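Undergrad: build the 3D model from these lines:
(chains A and B)
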2 protein chains.
Amino acid sequence: MSVTAPKGFTAAGVAAGIKANGNPDLALVVNTGPRRAAAGVFTSNRVKAAPVLWSEQVLKGGAVTAVVLNSGGANACTGPKGFQDTHATAEKAAEVLGHSAGEVAVASTGLIGVLLPMDKLLPGVEAAAAELSEHGGEKAAIAIKTTDTVHKTAVVTSPAGWTVGGMAKGAGMLAPGLATMLVVLTTDADADAGTLDKALRDATRQTFDRIDSDGCMSTNDTVLLLASGASGTVPEYGEFADAVRAVCDDLARQLIGDAEGASKDIRIEVVHAASEDDALEVGRSIARNNLLKCALHGEDPNWGRVLSAIGTTSAVFEPDAIDVAINGVWVCRGGSVGEDRDLVDMRYREITITADLAAGEASAVIWTNDLTADYVHENSAYSS
Amino acid sequence: MSVTAPKGFTAAGVAAGIKANGNPDLALVVNTGPRRAAAGVFTSNRVKAAPVLWSEQVLKGGAVTAVVLNSGGANACTGPKGFQDTHATAEKAAEVLGHSAGEVAVASTGLIGVLLPMDKLLPGVEAAAAELSEHGGEKAAIAIKTTDTVHKTAVVTSPAGWTVGGMAKGAGMLAPGLATMLVVLTTDADADAGTLDKALRDATRQTFDRIDSDGCMSTNDTVLLLASGASGTVPEYGEFADAVRAVCDDLARQLIGDAEGASKDIRIEVVHAASEDDALEVGRSIARNNLLKCALHGEDPNWGRVLSAIGTTSAVFEPDAIDVAINGVWVCRGGSVGEDRDLVDMRYREITITADLAAGEASAVIWTNDLTADYVHENSAYSS
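TA: Numbering: from 1, shown residues only, chains lettered A, B, ... in the order given. Got it, this is the predicted structure:
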């Protein structure tokens, strides 16, 4: 059901011909109201794609009626013409839907540095508008896939009568400051833009910002949350924030599970850190250590590479007080040899690394993937 | 000739049995004087191997008579026992050579988290001492190899009558703050410890600190510079510093050329930066972008990934003022599409990426390698 699970939304996904292979490549999500409150979070990369620059402006108004998303081209590093193309896309959607372009967000994903084929994209917007449906959520989720092997959706419904739904794409370039991903969340809760913004920022900080597939930050990351108010229910904030975070968490976990070429999903828990920032710095340093990621691919519990990664951070710790467990076996105790590494069972896809800094009470979890020959192949054999 | 090219040095390399495959694994370098001044630079990783902790103390005295180096085990994350083993190694060398252990530096490389087989290492020190020779430089260089496919040596001789020689090992985990490498430089110039320290720090900052094979920083990096004074010539500082830097530069380039699994050596030039720090930050960000490293492996001039990496830095730049050339072809102009990417010839091993930030007059060069399936294999198929 995806983005059309909550009441007050229609969606569609079509093949506009942007992708050479004829796969679906254009999605449209429309908020039919009565509210049209919205919030957005975007890449912190300073090189931002045209649709990001455009949508950041749109979101400042706190209202979004429609989102046009395309795969098959990122429209990043495309200069003034690229920005004009994004603007024209919003204008086309506004014209077809009878709304203002200033309430149409645009998101794109694909190869950087190539102009979009507007002669295909604009008719695609018309075709998608003609197919808008309260059951269009799945098709929209499928149309935003790039190297994703599956489409990603999630839904949480409150006993209070409102629902949060979402869709996501992204399979590489997943890094803090948001993964390479496009995410649209919808809700029929009756919430204003300020509430949406707070809930969305809290949620992304603890979910999408804590997955780091390959350390690479995209130019196009976009996460939008749209509220239709169609349930007629004003949510209790805590419950609503929890629901938004649960949907984000579910989608983030799906992104890691489908990362390019990955054979392992790696959960890095940093515990007993002096601060949450320390825990995050250590977790990210471990997550970005190519040597460790290769070792985990080879099912080698190489805890020395974990220590080596921790040692490059500025976190509070004493090297001879660090404990490290891999899948629950404390292979490193006091910064030195601990339990027998042969006890570690690494046959399954999920691996948990626990780093105990013995420096305080804070903790954090970062997710990453292993580094594989398939990742290299997928990112070297053709432009993406 | 390596470390025995300058007068006043003997060296040896033997197979002590630390490596299971029987390859040479223990090197000894001895300064026969008349001077025994020395300087050292060590890993900035906060998790430091026992030999690094030991040798840092030794170097505080500014004098080194002998260096014991072993491959086959890093003696890192080995606790108090590991430190005792390093101490015992220095004591053994001091006993055999008739010197003080306080002037014996120790360096180790290999797997982290495993104690060294001291029953093999200590007799190895005796065996190496028995083979010390003014022609032993090559054998010493061979004995410190780990995954290196070739041994690395370099020599520069001054018309003034003194020489700087050096040997290095390292083939992965090459990152700023020093590569995973052991380097011993020797000179027969008559220089004191302060002069050596200044020349060595200047040289490493511009050479070993600017190679970044895989973003991973070792626990064991050690660079030592020993002066025997045997030429009887006090060098002019500028010429001496240039010679030390030239030897370091030569060895650093050899390290990149032999990086694990690499098929491309990538020279990243950042020009027109507002400061050298900015140029270095941008160069390192580009060097660590796995997606770009995969693309270059596939001979794909994917400049969008260069822009994306630049965008994650805090350097001074305007996104729409950046130019990027790959092998001299300006594929990105003003942050957007430039010359035809099909003009870029990437068939050869060396690739040059030029990033022009249009923000000032500073520049820097960082070297890295591509990311390949062979790298993944070499670092996942067995513990290293």
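Undergrad: please enumerate the strands of the stretch 51-200 of chain A.
TA: For the stretch 51-200 of chain A, the strands defined by DSSP state E, counting those that start in this stretch occupy A:66-70, A:104-108, A:152-157, A:163-169, A:182-187.
Undergrad: where's the residue of the stretch 51-200 of chain A found nearest chain B relative to residue B:337, distance?
TA: Relative to chain B, the nearest point of the stretch 51-200 of chain A is residue A:112 (2.6 Å; CB to the nearest CB). All C-beta spots, glycine's among them, are computed from the backbone N, C-alpha and C. In this view, residue A:112 and residue B:337 are 10 Å apart by CB to CB, to the nearest Å.
Undergrad: find residues that contact each of these two.
TA: Residues touching both residue A:112 and residue B:337 (CB atoms under 8 Å, 6 or more residues apart in numbering or on different chains): residue A:77.
Undergrad: of these two, who's got more company?
TA: Using other CB atoms under 10 Å in any protein chain shown as the criterion, residue A:112 and residue B:337 rank with residue A:112 on top: 26 against 21.
Undergrad: how about the more buried one: what's its closest non-neighbour residue?
TA: Once flanking residues are discounted, residue A:112 sits nearest to residue B:304: 2.6 Å by CB to CB, 6 or more residues apart in numbering or on different chains.
Undergrad: residues near that neighbour, how many?
TA: 28.
Undergrad: OK, contacts around it?
TA: Residue B:304 makes contacts with A:74, A:76, A:77, A:111, A:112, A:113, A:219, as judged by CB under 8 Å, 6+ apart.
Undergrad: okay if I get the strands of the stretch 51-200 of chain A as a markdown table plus mean pLDDT?
TA: Conversion of these to a markdown table gives the following (pLDDT from 0 to 100):
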| stretch | mean pLDDT |
| --- | --- |
| strand A:66-70 | 97 |
| strand A:104-108 | 97 |
| strand A:152-157 | 94 |
| strand A:163-169 | 94 |
| strand A:182-187 | 95 |
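Undergrad: in TSV, list those along with mean neighbour count.
TA: What follows is these, written out as TSV (neighbours: other CB atoms under 10 Å in any protein chain shown):
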stretch	mean neighbour count
strand A:66-70	29
strand A:104-108	29
strand A:152-157	21
strand A:163-169	27
strand A:182-187	31
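Undergrad: a markdown table please, covering the ones you listed and showing distance to residue B:136.
TA: Output for the strands of the stretch 51-200 of chain A, formatted as a markdown table (distance: least, CB to CB, whole Å):
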| stretch | distance to residue B:136 |
| --- | --- |
| strand A:66-70 | 66 |
| strand A:104-108 | 62 |
| strand A:152-157 | 61 |
| strand A:163-169 | 60 |
| strand A:182-187 | 62 |
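Undergrad: got a pLDDT number for the closest residue to residue A:149 other than its chain neighbours?
TA: Spatial nearest neighbour of residue A:149, chain neighbours left out: residue A:258 (5.6 Å); criterion: CB to CB, 6+ apart. Here, the pLDDT recorded for residue A:258 equals 84.
Undergrad: so what's the residue count around residue A:258?
TA: Other residues near residue A:258 number 23, with proximity taken as other CB under 10 Å.
Undergrad: poorly predicted segments of the stretch 1-150 of chain A, please.
TA: Flagging of the stretch 1-150 of chain A using pLDDT under 70 yields the residue ranges A:1.
Undergrad: which parts of it sit against chain B?
TA: Within the stretch 1-150 of chain A, the positions near chain B by CB under 8 Å from any CB of the partner chain are A:45-48, A:74, A:76-79, A:82, A:111-115.
Undergrad: now for those residues: which two are most distant?
TA: For these, the farthest-apart pair by CB to CB is A:46 and A:115; their separation is 21.5 Å.
Undergrad: most neighbours, which of the residues of the stretch 1-150 of chain A next to chain B?
TA: residue A:76 (32 neighbours).
Undergrad: pretty sure that residue contacts residue A:47?
TA: Yes - counting by CB atoms under 8 Å, residue A:76 does reach residue A:47; the two are 7.1 Å apart.
Undergrad: shared neighbours of the two, anything?
TA: A:219, B:307, B:308.
Undergrad: what about those, which are in helices?
TA: B:307, B:308 (DSSP state H).
Undergrad: all strands of the stretch 201-350 of chain A, in order?
TA: Listed in chain order, the strands of the stretch 201-350 of chain A (DSSP E, counting those that start in this stretch) span A:222-227, A:265-273, A:323-326, A:329-333, A:336-337, A:350-356.
Undergrad: if you average pLDDT over each of those strands, which is lowest?
TA: Note on the strands of the stretch 201-350 of chain A: lowest mean pLDDT is at strand A:336-337, with a mean of 92.
Undergrad: neighbouring strands for that one, and are they parallel or not?
TA: Applying DSSP bridges to the sheet, strand A:336-337 is found paired with strand A:329-333 (antiparallel).
Undergrad: which residues touch residue A:215?
TA: Contacts of residue A:215 (CB under 8 Å, 6+ apart): A:175, A:287, A:288, B:288, B:289, B:290.
Undergrad: ok, now residue A:110?
TA: Going by CB under 8 Å, 6+ apart, residue A:110 touches A:18, A:70, A:71, A:72, A:73, A:74, A:146, A:384.
Undergrad: what pLDDT does the residue lying closest to residue A:249 once chain neighbours are set aside get?
TA: Distances taken as CB to CB, 6+ apart put residue A:207 closest to residue A:249, at 4.7 Å, once the chain neighbours are dropped. pLDDT for residue A:207: 91.
Undergrad: same question, the one 10 residues further on
TA: According to the per-residue confidence, residue A:217 scores 77 in pLDDT.
Undergrad: any figure for the gap between it and chain B?
TA: From residue A:217 across to chain B, the span is 5 Å (CB to the nearest CB, to the nearest Å).
Undergrad: pretty sure residue A:201 sits against residue A:41.
TA: Yes - the pair residue A:201 / residue A:41 is scored as a contact, 6.3 Å apart, by CB under 8 Å.
Undergrad: who has more neighbours, those two?
TA: Per other CB under 10 Å, whichever of residue A:201 and residue A:41 has more neighbours is residue A:41, with 23 against 16.
Undergrad: list the contacts of the helix or strand hosting the more buried one.
TA: According to DSSP states H and E, residue A:41 maps onto strand A:37-42. By CB under 8 Å, 6+ apart, the surrounding residues in contact with strand A:37-42 are A:31, A:48, A:52, A:55-56, A:58-59, A:62-64, A:105, A:178, A:191-193, A:195-197, A:199-201, A:204, A:221-227, A:229.
Undergrad: kindly report the same for stretch A:123-131.
TA: Contact with stretch A:123-131 is made by A:12-18, A:25-28, A:68, A:70, A:89, A:92-93, A:96-97, A:139, as judged by CB under 8 Å, 6+ apart.
Undergrad: so of those, which ones are in helices?
TA: Taking DSSP H as the definition of helices, the contacts of stretch A:123-131 contribute A:89, A:92, A:93, A:96, A:97, A:139.
Undergrad: for residue A:125, see how far away the nearest residue to residue A:88 once chain neighbours are set aside is.
TA: Nearest residue to residue A:88, sequence neighbours excluded (CB to CB, 6+ apart): residue A:118, at 6.4 Å. Residue A:118 is 10 Å from residue A:125, where distance means CB to CB.
Undergrad: so between these two, which is more surrounded?
TA: residue A:125 (28 against 16).
Undergrad: could you measure from that one over to residue A:189?
TA: Per CB to CB, residue A:125 is found 28 Å from residue A:189.
Undergrad: got it, and residue A:153?
TA: According to CB to CB, residue A:153 and residue A:189 sit 18 Å apart.
Undergrad: go on, residue A:69?
TA: 22 Å.
Undergrad: so what's the residue lying closest to residue A:58 once chain neighbours are set aside up against?
TA: Once flanking residues are discounted, residue A:58 sits nearest to residue A:105: 5.1 Å by CB to CB, 6+ apart. Neighbouring residues of residue A:105 by CB under 8 Å, 6+ apart: A:38, A:40, A:54-55, A:58-59, A:64, A:66-68, A:90, A:222, A:224.
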